[in-house]
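Enquirer: got a predicted model here, sequence first, then my questions.
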Amino acid sequence: MNREGTHKPTSAAGRATLAAGCLAAALAAGPALAAEPALTGGVVKIGVLTDMGGVYSDFTGSGAVIAAQMAAEDVAKRNPALAKTVEVVSADHQNKADVGAERARYWYERDGVDVIVELVSTNVALAVMEVAEQKNRLALVSGSASLPITNERCNANTVHWVYDTYALSSGTAKSVIAAGRKSWYFIAADYVFGATMVSDASEIVAANGGSVVGVSKHPFPNHDFSSFLLKAQGSQADVIALANGGQDTINSVKQAAEFGIIGSRQTVLPMVMFLNDVHALGLNTAQGLTLTEGFYWNRDDRTRAWARRFFERAKKMPSMVHAGVYSSVVNYLAAVEATGTDDAATVMKRLKSVEIDDGLFKGRIRADGKFAHDMLLLEVKKPSESKEPWDYYHVKAVIPAEDATLPLAKSKCKLVQR
């Protein structure tokens, strides 16, 4: 879909058995409206703002647009009256904060967009969140990881849907330290996300009896990680932790394997890794890696059914970001349907008042805008253990929502009552 493309779902699109179940669960807390809601401009418009061709595009990109379209189509099957007024538009922010903010202003001010979803890349997410607050519209973040989104930079118009640096650190770091890997060296992307990940993970490391012996920051994006990996190797740290993402993580792991670091006494630990990254690396390279995600397509019957629908259109299995975009749009539209309006404050109040269980995620949205749900501690399978394409993970543990989210008592968010 091009920069200004639109999609109007119809009730005939994307038929599948799981659709009604997911949407029914999302709407279980309130009855559907028989008539069309009272919408600003007569339409509810959803903007997917994502990385279409950069380092994060494989686990976001066009797949995020497909996920949003699937959500709109599932609403269409249940409520044709609402479906006639739903549109999905998309654009590429190029991982640039100024481009993302400009597009958000245009969408909110001139194009009637009610909510912007996805928003990978922390600098983009923070910029768009600010615009959403100024224009009194909503931003539902699935792709970005940085804790400030719901901590010191939180606002009443934003929900952080899938994962953050606290969740990733608390799951992966605790597990690795418990296995006796105490000394850590970080290779981090040199922007807000990398810095936040290092900070959050370092706190977890220290709190569990470990130590950080060094940090190297690399440009974003980057291709050659040799100098950073050699410094980390020379540190003799037990763990070389990669605080980057997407293609940067893929390149880091590949080059670590080439230098013989993977398979040595040092553990290479991707702090942010997606199913699509494992697919790009292949199980021969990625086997044994430990990581934390918020969603895995092959976890149960409900996730498998939805993922196979997604695969039919995207030709790949969904990442946790794709699942988050679907979940955020389905629940947003459920709130519009239940309240009869697209007014930002009314819809947000509804989102924060109900239990969410849409077949992909289950939990509640807290006062700070964090969607608190369980996370999964995963280990990449050996090639011999994979039973079918994209069957890549052992689920080692379920990290309860209360352990995967920053305690509100420690929050710096202005929305949290003291």
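Expert: Perfect, I can see it now. As the structure is a prediction and not an experimental result, all values here were calculated from the model. Numbering: from 1, shown residues only.

Enquirer: list the beta-bridge partners for Asp357.
Expert: Lys362 (DSSP bridges).

Enquirer: residues near it, how many?
Expert: Counted by other Cβ atoms under 10 Å, the residues lying close to Asp357 total 17. Quick note: C-beta positions are derived from backbone N, CA and C, even for glycine.

Enquirer: can you check the one 10 residues further on too?
Expert: By the criterion of other Cβ under 10 Å, Ala367 has 15 neighbours.

Enquirer: which secondary element of the chain has the worst mean pLDDT?
Expert: Across the helices and strands of the chain, the lowest-confidence element by mean pLDDT, DSSP states H and E is strand 6-7, at a mean of 42.

Enquirer: ok, how many other residues are close to Ala179?
Expert: Other residues lying near Ala179 total 12 when counted by other Cβ under 10 Å.

Enquirer: how about Gly194, what does it touch?
Expert: 188, 217, 220, 243-244 (Cβ atoms under 8 Å, 6 or more residues apart in numbering).

Enquirer: scratch that, Asn136 is what I was asking about
Expert: 157, 344-345.

Enquirer: gap between it and Gly100?
Expert: Applying Cβ to Cβ, to the nearest Å, the value for Asn136 to Gly100 is 18 Å.

Enquirer: what of Ala156?
Expert: For Ala156, the distance to Gly100 equals 20 Å [Cβ to Cβ].

Enquirer: what about the lengthiest helix in the chain, distance to the chain center?
Expert: Using DSSP state H to define each element, the chain has its longest helix at helix 320-339. Remark: helix 320-339 is offset 13 Å from the chain centroid, using Cα atoms, centre = their mean, to the nearest Å.

Enquirer: and the helix or strand following it with helix 320-339, angle?
Expert: Next in sequence after helix 320-339, counting helices and strands by DSSP states H and E, comes helix 344-353. Helix 344-353 runs at 110 degrees relative to helix 320-339, counting by axes from the mean of the first three to the mean of the last three Cα atoms, to 10 degrees.

Enquirer: which helices and strands does helix 344-353 pack with?
Expert: strand 138-141, helix 320-339, strand 362-365 (3 or more Cβ pairs under 8 Å, 6 or more residues apart in numbering; DSSP states H and E).

Enquirer: 7 Å instead, please
Expert: With contacts taken as 3 or more Cβ pairs under 7 Å, 6 or more residues apart in numbering; DSSP states H and E, helix 344-353 sits against strand 138-141, helix 320-339.

Enquirer: between these, which one is nearest to Ile204?
Expert: Ile204 lies closest, by Cβ to Cβ, to one member of those: helix 320-339, at 20.2 Å.

Enquirer: give me the phi and psi for Ile187.
Expert: The phi/psi pair for Ile187 (degrees, to the nearest 10) reads phi -110, psi 110.

Enquirer: please begin residue numbering at 2 from this point
Expert: From this message on, residue numbering opens at 2, which makes the last subject Ile188.

Enquirer: since we're on it, how many residues are nearby?
Expert: Count around Ile188 with other Cβ under 10 Å applied: 28.

Enquirer: what kind of secondary structure is the closest residue to it other than its chain neighbours in?
Expert: Leaving aside its chain neighbours, Ile188 sits nearest to Phe229 (4.8 Å; criterion: Cβ to Cβ, 6 or more residues apart in numbering). Three-state call for Phe229 (DSSP: H, G, I helix; E, B strand; the rest coil): helix.

Enquirer: pretty sure Phe229 sits against Phe187.
Expert: No: counting by Cβ atoms under 7 Å, Phe229 does not reach Phe187; the two are 9.7 Å apart.

Enquirer: who has more neighbours, those two?
Expert: Ranked by neighbour count (other Cβ under 10 Å), Phe229 and Phe187 place Phe187 first, with 28 against 23.

Enquirer: what about the helices in the stretch 102-251 of the chain?
Expert: Secondary structure of the stretch 102-251 of the chain, counting by DSSP state H, counting those that start in this stretch: helices at 123-136, 166-179, 193-208, 227-235, 248-259.

Enquirer: and Val269, which of those is closest to it?
Expert: Of all the helices of the stretch 102-251 of the chain, helix 248-259 comes closest under Cβ to Cβ, at 4.8 Å.

Enquirer: touching, Val89 and Met71? I think so.
Expert: No: if you go by Cβ under 7 Å, Val89 and Met71 don't touch, sitting 9.8 Å apart.

Enquirer: quick one: which of these two has more around it?
Expert: Met71 (28 against 25).

Enquirer: what's near enough to touch Met376?
Expert: 164, 168, 172, 293, 295, 400, 405 (Cβ atoms under 7 Å, 6 or more residues apart in numbering).

Enquirer: what's the answer for Thr291, then?
Expert: So Thr291 contacts 173, 176-177, 270, 380 (Cβ under 7 Å, 6+ apart).

Enquirer: is it possible to get JSON lines of the residues you listed that adds distance to Leu127, neighbour count and pLDDT?
Expert: JSON lines is the format used below for the contacts of Thr291 (distance: Cβ to Cβ, whole Å; neighbours: other Cβ atoms under 10 Å; pLDDT from 0 to 100):
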{"residue": "Thr173", "distance to Leu127": "24", "neighbour count": "27", "pLDDT": "88"}
{"residue": "Ser176", "distance to Leu127": "29", "neighbour count": "19", "pLDDT": "88"}
{"residue": "Val177", "distance to Leu127": "29", "neighbour count": "22", "pLDDT": "92"}
{"residue": "Leu270", "distance to Leu127": "26", "neighbour count": "23", "pLDDT": "95"}
{"residue": "Glu380", "distance to Leu127": "32", "neighbour count": "18", "pLDDT": "95"}
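
Enquirer: from those residues, which is closest to Glu153?
Expert: Looking across the contacts of Thr291 and measuring by Cβ to Cβ, the closest to Glu153 is Thr173, at 23.3 Å.
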